[in-house]
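S.K.: Got a predicted structure plus its sequence, pasted below:
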Amino acid sequence: MLGRVNHVAIAVPDLSAAADSYRSMLGADVTAPQALPEHGVTVVFVTLPNTKVELLEPLGDASPIAAFLAKNPAGGIHHICYEVADIIGARDRLKQAGARVLGDGTPKIGAHGKPVLFLHPKDFQGTLIELEEV
Ligand SMILES: CC[C@@H](C(=O)O)C(=O)SCCNC(=O)CCNC(=O)[C@H](O)C(C)(C)COP(=O)(O)OP(=O)(O)OC[C@H]1O[C@@H](n2cnc3c(N)ncnc32)[C@H](O)[C@@H]1OP(=O)(O)O
Ligand SMILES: [Co+2]
């Protein structure tokens, strides 16, 4: 089912400061901010030879990462995104296996313009998993 790691996401309290730190301290190539109100976050991507790091900060009052940042005020690794070839097939197989697919199970369009879904962290070793169809 799983393809490449598409990105590892880090939730941050200040996206601009985090992006500057990756650029100046780590010499990284960082994209411009993308506001994604339908996801309740603003993101940038750090481009790496083999994958990406997604830096994200809350956007709006109902951001799904607000509680995470309240518990981790300095930020922290938030989720890992795996690529899948067939997100509906993956979703149905996971639901069949008893995994909780977050939301109503309908994929949303993510930051790369592709369908994404999230799986409950409690079903996967305390790790929030995002699936992105590529
Ligand atoms: C930019 C678009 C897209 C992309 O294309 O890449 C994105 O990445 S959008 C990213 C932001 N969107 C999401 O994260 C959507 C999915 N997430 C959620 O629906 C919620 O974050 C959540 C997973 C349901 C958690 O919501 P929260 O308000 O924190 O609920 P709880 O406090 O009840 O948490 C339940 C339980 O889970 C633990 N938890 C929460 N977040 C994480 C996490 N990131 N990793 C591991 N564990 C997490 C939380 O601590 C609670 O545990 P207990 O306290 O032990 O009960
Ligand atoms: Co993501």
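M.R.: Structure's in. What do you need? Ligands and ions are numbered 1, 2, ... in the order given.
S.K.: can you give me the strands in this structure?
M.R.: All strands of the chain, identified by DSSP state E, fall at 5-11, 29-30, 34-36, 41-47, 52-58, 76-84, 108-109, 115-119, 128-133.
S.K.: Pull up the residues of the chain that are close to ligand 1.
M.R.: Neighbours of ligand 1 within the chain, by CB under 6 Å from any ligand atom: 9, 36, 39, 41, 43, 54, 56, 64-65, 67-68, 78-79, 81, 102, 110-111, 116, 118, 121-122, 126-128, 130. Just so you know, the C-beta spots here come from the backbone N, C-alpha and C atoms, and that holds for glycine as well.
S.K.: so what's Val46 up against?
M.R.: When contacts are counted by CB atoms under 8 Å, 6 or more residues apart in numbering, Val46 touches Tyr22, Ala28, Asp29, Val30, Lys52, Val53, Glu54, Leu55.
S.K.: what do you get for Val5?
M.R.: For Val5, the contact set (CB under 8 Å, 6+ apart) comprises Thr51, Ile80, Cys81, Tyr82, Glu83.
S.K.: now, which of these sits nearest ligand 2?
M.R.: Cys81 (4.7 Å; CB to the ion).
S.K.: from memory the closest one sits against Ala9, does it?
M.R.: Yes - in this structure, Cys81 is within contact of Ala9 by CB atoms under 8 Å, at 6.8 Å.
S.K.: Give the residues shared as contacts by these two.
M.R.: Common contacts of Cys81 and Ala9 (CB under 8 Å, 6+ apart): Glu54, Glu130.
S.K.: got the buried residues for stretch 92-105?
M.R.: Leu94, Val101 (16 or more other CB atoms under 10 Å).
S.K.: Skipping adjacent residues, who's closest to Tyr82 in space?
M.R.: Leu2 (4.6 Å; CB to CB, 6 or more residues apart in numbering).
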